[in-house]
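Student: Fold the following.
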Amino acid sequence: MNSKNLLSSILLLSASFYFGQEKPVEKSTEKVADIEAVTITKTKKAVEQKADRTIFDFSEQAKLNSGTLMEGVKKLPGLVVTDIAGMMYQGKILEVYMDGRPLNINSTELTAFLEGMPANAVEKIEVITQPGAEFPATSGGAILNIITSKNAKNYLSATYSGNYTFTNYDKWKSRTNNSINLNARNKYFGWQLNVGENYRESLLRGEIDDISKTNTDRIGRGYFAKAAITVDLGKDRLLLNYDIYHNNNDNYTLSNGRFNGINFQTNDAANSFNIRQEAVVSYQKRFEDRDKKLDFKGSYSNSNNDFAQNSLVSKQILLDNTSHFSVYNFKVDYNQALNILEKGKFSIGALAEQQDFDTSSFGITNLDYKRQTLSAYTELQTSYKKFDFILGTRAENYDISGTTVSTNNGNSSTQNLIPFQKFKLFPNASILYNVANQIQLSANYNKKINLPSISNLNPNNTTFQNPNSIVSGNPNLQPTIFDNYEVKLSAFDYAFIGYNVTSNKNQVAQLVSRSGDVISNTQINIPEMQMHNFNVGLPIPLMLFTKPLSEIMKFEFNPDKINFVYLYASWQKQVIPNLDTKGYVVLNANAQILLPKEITLNVNYFILSPKGNFYYFQPIKPIGNNIDITLSKKFLADKLSLSIFANDIFNSNVTSIKSIASAPNVFLNNKNDSRSFGLSVNYKLPTKNKLAKEDPNLLNKSKSEGEGGLIPAQ
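Tutor: The predicted structure is shown next:
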């Protein structure tokens, strides 16, 4: 088979791969009088492409849901998670949401949050690559929306999920997580309760230049509860949500190094304690015209963080830092069908939000930060022949102010933060051309903003400190403005090729520098930069190499029943003035092999090439370079799912980088106990009622219900 026929075959098989996602309805051959029940079975898509997002199903994919949420997220094709650049998808910086609402955290706090959440408590993840005007302009380049909600049914149902994992890198360490989801519904209201816990032992070894080595034993404990009630009021609905997350992490660190020519050794214990709560009230007004919708939503969230580090040798308290933030939010959204050119939709909405954030060290407040945001948007979607159009704009007014306290030679002084008081317009536009059935060419533009996260603003160290290390945030960071451009060709949902470029002003970046034997780590704004990203994804059914094309095209495809490899590759380059930057390559391959006894083997490989630039860092060795393997099987009419897995089987995942922001370069090397082995179980409690009707999600009710599953705008 020549290369041209091979490419054509792959594209044709991609089409079949797409159309074979749903199992047909099982029809009974018995007489009507003998029928007691009809079971409708629907297989979820592993990956689903929509006009503005890519959706990854977690609930049915053992390779994603067998460990922590962080481990599952790292296996998503096109998504890069690193300590030096945070989370990016196809070159775009991600704002992280949960159940349609922003988490307002990142960096170390986000890592701890995702490591404390079991992946099997997640239904799916949406990566919204083209957030429109109904999303806050603060969504930056793209949104990672973690949806934890399940479906409510007309009877009590329960699902238990849990796993056990161990590592054997230097020391045997155990990890467990368990969660249970209860939900029910009657003709008046529905309710849902999802609770879970996570216990995680891990090891981290770090090295900075030739002056500092650390060995950290970490114990993480996470607990969460999510409750929801929905009440039907005629055509209208009232929704009540309450979430609480609790993390309690201990670190025990041995370090040795050199400071001012004198060797030292330390033995420290650190504790990080966090409680995060959120309450949401939503009222959904519905009309006779089903395309007309009016939603009101109010929410309140708060988070309290305590970090302390003590010397086990001198018994001194080295760090005692706390922070607290709260966010008040009220929004209204309205949309209705509108016949312009052809069938379309018109949307408008408004948002009012206030965020308060304060930090203290040893009981003395050293940051008081306040932000008020008022915004309104309008957006039009319409079609004409083979073209689809989206045109919108969002107006936002920001008022950011506050004070910070700095200490120099024992003297404290209070200073005002650099104010940010601006009114800005954030337009967005998209055009999509349907080249042929299931082949689309699209072009997109949007302007966005990213406000500095509270963890980057925090002037206090909330990780670890020894005589060599100074870690701090920057209260005077300014917001980042993005201009995002993208062109993309998609074929049959799974195959695509695209190019995007983002122009950034005041991009927030981590800066590591060295002065003598002291390493400083802080956050700065890069005045101007660009990010270029070229990416391609391609599914390859393996039967392509064993069967003639004529036989293949007669085959009825179901991706759960065939062997395939999904390939993803991207090239990215960050252009920073006065810095000779180099691009890097990301490769991800995921293979599914069907074994005897209906056992499924999944193999995932990820690597990021060295010597490219992540802002002011450059990897010395490949990042990732890890192979993960999962074996899974379903029992008891698919009610019980069992998986055994091995992550990073060759223990090759290491972060080895150098900071190139200033001379001399600083070399950093971190190695986690990333090689792990475990068992995962998911059990759905059986029910006698086979005719029970499924209702939409309680925890994530969408105003765009039935229109592509858009999450609620924030």
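
Student: now the helices for the chain?
Tutor: Taking DSSP state H as the criterion, the chain carries its helices at 3-19, 62-65, 69-73, 107-115, 454-457, 549-552.

Student: how about the residue nearest the centre of the chain, what does it touch?
Tutor: In the chain, the C-alpha nearest the mean C-alpha coordinate belongs to L144, at 4.0 Å (Cα atoms, centre = their mean). When the contact criterion is Cβ atoms under 8 Å, 6 or more residues apart in numbering, the partners of L144 are V73, L79, M87, Y89, L94, E95, V96, Y97, I125, E126, V127, I128. For the C-beta atoms, the positions are set from N, CA and C on the backbone; glycine is no exception.

Student: rerun that using 10 Å as the cut-off
Tutor: The contact partners of L144, by Cβ atoms under 10 Å, 6 or more residues apart in numbering, come to 73, 76, 79, 87-89, 94-98, 103, 125-128.

Student: Can you say which two of the residues you listed are spatially most distant?
Tutor: Checking those against each other with Cβ to Cβ, the farthest-apart pair comes out as M88 and M98, at 18.6 Å.

Student: How many residues are close by the closest residue to N474 other than its chain neighbours?
Tutor: Nearest in space to N474, with sequence neighbours left out and distances taken as Cβ to Cβ, 6 or more residues apart in numbering, is Q523 at 4.5 Å. Residues within reach of Q523, counting by other Cβ atoms under 10 Å, total 21.

Student: who does Q523 bridge with?
Tutor: In this entry, Q523 is beta-bridged to Q510, by DSSP bridges.

Student: is it true that it touches G473?
Tutor: Yes - here Q523 lies in contact with G473, judged by Cβ atoms under 10 Å, at a distance of 5.8 Å.

Student: Just give the closest residue to K297, not the sequence neighbours.
Tutor: If you skip the residues right next to it in sequence, K297 has S282 as its closest partner in space, 4.5 Å away by Cβ to Cβ, 6+ apart.

Student: Distance-wise, check that neighbour relative to K573.
Tutor: Separation of S282 from K573 (Cβ to Cβ, to the nearest Å) stands at 43 Å.

Student: What part of this structure, helix or strand, is modelled with the least confidence?
Tutor: None of the helices or strands of the chain scores lower by mean pLDDT, DSSP states H and E than strand 694-695, at a mean of 42.

Student: Strands of the stretch 501-650 of the chain, start to end?
Tutor: 518-541, 564-575, 584-595, 599-608, 617-619, 623-635, 640-647 (DSSP state E, counting those that start in this stretch).

Student: just the ones you listed: most buried one?
Tutor: Comparing the strands of the stretch 501-650 of the chain on average neighbours per residue, with mean count of other Cβ atoms under 10 Å, the densest one is strand 617-619 at a mean of 22.

Student: Who are the packing partners of that one?
Tutor: With contacts defined as 3 or more Cβ pairs under 10 Å, 6 or more residues apart in numbering; DSSP states H and E, the packing partners of strand 617-619 are strand 495-515, strand 655-659.

Student: Could you rerun that using 6 Å?
Tutor: Contacts of strand 617-619 with other secondary structure elements, assessed using 3 or more Cβ pairs under 6 Å, 6 or more residues apart in numbering; DSSP states H and E, are made with strand 655-659.

Student: Now do the contacts for N506.
Tutor: When contacts are counted by Cβ atoms under 6 Å, 6 or more residues apart in numbering, N506 touches Q478, T480, N525.

Student: distance of it from Q592?
Tutor: N506 is 43 Å from Q592, by Cβ to Cβ.

Student: What of I526?
Tutor: Computed with Cβ to Cβ, the distance linking I526 and Q592 is 41 Å.

Student: same check, this time on N460
Tutor: On the measure of Cβ to Cβ, N460 and Q592 end up 46 Å apart.

Student: what does F492 give?
Tutor: F492 sits 18 Å away from Q592 when distances are taken as Cβ to Cβ.

Student: Noted, bye for now.
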